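Okay, sequence plus prediction incoming.
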Amino acid sequence: MSVLLPLMSLGCSSGDDDVLARARASGTLRVALTEANPPWNFLDGGDHPVGYDADVANELARRLRIGRVDFVGSDFASFVGGIRADRFDIVISGQTITARRRTQVDFSRPYAVNEVSIFIRQDNDAIAGVKDLAGKKIAVSEGTTQADFARTGIPEADVRTYKNATLGLTDLAQGRADAALISRFQGVYLAQNKGLPVKPVGPTLQREVLGMSFRKGSLPFKQAVDQAINAMIADGTLSTFSRRWLNGIDMAAELREVQASQYS
């Protein structure tokens, strides 16, 4: 799925053997996302990616002077491998910055923060927090930090994995799981917009710092991406996007509270 953007001047340094130089030369930035995690990113009625991540991707390409975004559908379990296999240039899909992932790909400075919550069915009063999840059927997206947490932090959990959180939350709503570990933004959005009988419970399970990932050693690309994100924070662009999609939150304000030690 491609989105045409206003084409600005495409000057690039000819000596750069880097993602940035290649994308500018081709006129296309290949962006991976799940296409199934609203309100972060999902397909509209015309099968065009929309949501916070899609808006950020389009604006990033414009600021990098790359004329077109080619959105590539993928999933969390395939993002790192897809970057390394050159199936896309960058992942903009709510990836948590972790030390393990950074051994295989590089990350931008954070472009979002996310709160992960426990979701249960509306009629369930037996689960009030993580201590009540032992031995339960837990829905998670494969390849996520939530999947890692369920496997290592919940005793005897029956971990059910899905390609995306929408599928997991739907199974929870239909009684095929006891709980789901999911972005609070996404769970609330799906409950409201899809009529799923689910609710968040207990305190925030994790507060994660999200970055864009790309090929290791792509220094000119990283510098340009970081500069663009910093500018979007400073001029209010990220605030506009997050207020539109993330229940009115000011993401720029959230990011200003993130310490470099949390992601560097």
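Here it is on my side, so go on.

ok, residue 239 touching residue 253?
Yes: at 7.3 Å, residue 239 counts as touching residue 253 under the criterion of C-beta atoms under 8 Å. C-betas here are computed from N, CA, C, even on glycine.

More neighbours: these two, which one.
Between residue 239 and residue 253, residue 239 has the larger neighbour count (other C-beta atoms under 10 Å), namely 18 against 12.

low-confidence ranges in this structure?
By pLDDT under 70, the low-scoring segments of the chain are 1-17, 261-262, 264.

for it, which helix is longest?
helix 219-234 (DSSP state H).

Give me the residues contacting it.
13, 16, 18-21, 23, 56, 59-60, 63-64, 89-90, 106, 108-111, 212, 214-215, 237-238, 252, 255-256 (C-beta atoms under 8 Å, 6 or more residues apart in numbering).

If you count neighbours, what's buried in it?
220, 221, 222, 224, 225, 226, 228, 229, 232, 233 (16 or more other C-beta atoms under 10 Å).

And for stretch 252-264?
252, 254, 255, 263.

In what element of secondary structure is the first one found?
Residue 252 is part of helix 251-256, with elements assigned from DSSP states H and E.

CA atoms only for that helix, dumped as PDB, please.
The C-alpha coordinates for helix 251-256 follow below in PDB (Å, rounded to 0.1, in the frame of the first residue of the first chain):
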ATOM      1  CA  MET A 251       2.800  12.700  23.200                       C
ATOM      2  CA  ALA A 252       5.300  15.500  23.000                       C
ATOM      3  CA  ALA A 253       4.800  16.200  26.700                       C
ATOM      4  CA  GLU A 254       5.100  12.500  27.500                       C
ATOM      5  CA  LEU A 255       8.400  12.200  25.500                       C
ATOM      6  CA  ARG A 256       9.900  15.200  27.300                       C
END
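
What's the biggest strand in the chain, counting residues?
strand 198-214 (DSSP state E).

List buried residues within the contacts of helix 219-234.
Among those, those classed as buried by 16+ other C-beta under 10 Å are 16, 18-21, 23, 56, 59-60, 63-64, 89-90, 106, 108-111, 212, 214-215, 237-238, 252, 255.

which ones among the residues you listed are found in strands?
Reading strands off these with DSSP E, I get 90, 106, 212, 214.

and the residues you listed as a markdown table, adding distance to residue 80?
Shown next, in a markdown table, are those (distance: C-beta to C-beta, whole Å):
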| residue | distance to residue 80 |
| --- | --- |
| 90 | 12 |
| 106 | 11 |
| 212 | 13 |
| 214 | 11 |
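
Is it correct that residue 111 is in contact with residue 242?
No: using C-beta under 8 Å, residue 111 makes no contact with residue 242, being 10.1 Å away.

where do the contact lists of these two overlap?
residue 251.

Point out the other helices and strands that the longest strand of the chain packs with.
helix 76-84, strand 90-96, strand 106-107, strand 112-121, helix 145-153, helix 165-173, helix 184-193, helix 219-234 (3 or more C-beta pairs under 8 Å, 6 or more residues apart in numbering; DSSP states H and E).

I'd like to know which elements the fifth one is packed against.
Identification of packing neighbours for helix 145-153 by 3+ C-beta pairs under 8 Å, 6+ apart yields strand 137-141, strand 158-162, strand 179-183, strand 198-214.

just those: most buried one?
strand 179-183 (a mean of 29; mean count of other C-beta atoms under 10 Å).

May I have that one as PDB, with CA atoms only?
Coordinates of each C-alpha in strand 179-183 appear next as PDB, following Å, rounded to 0.1, in the frame of the first residue of the first chain:
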ATOM      1  CA  ALA A 179      -6.800 -12.000  30.000                       C
ATOM      2  CA  ALA A 180      -4.900 -10.100  27.400                       C
ATOM      3  CA  LEU A 181      -1.700  -8.000  27.800                       C
ATOM      4  CA  ILE A 182      -2.100  -5.100  25.500                       C
ATOM      5  CA  SER A 183      -1.500  -1.400  24.900                       C
END
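
residues in contact with that strand?
So strand 179-183 is contacted by 37, 40, 94, 114-120, 127, 133, 136-141, 146, 149-150, 165, 168-169, 171-172, 187, 198, 205 (C-beta under 8 Å, 6+ apart).

Done for today, thanks.
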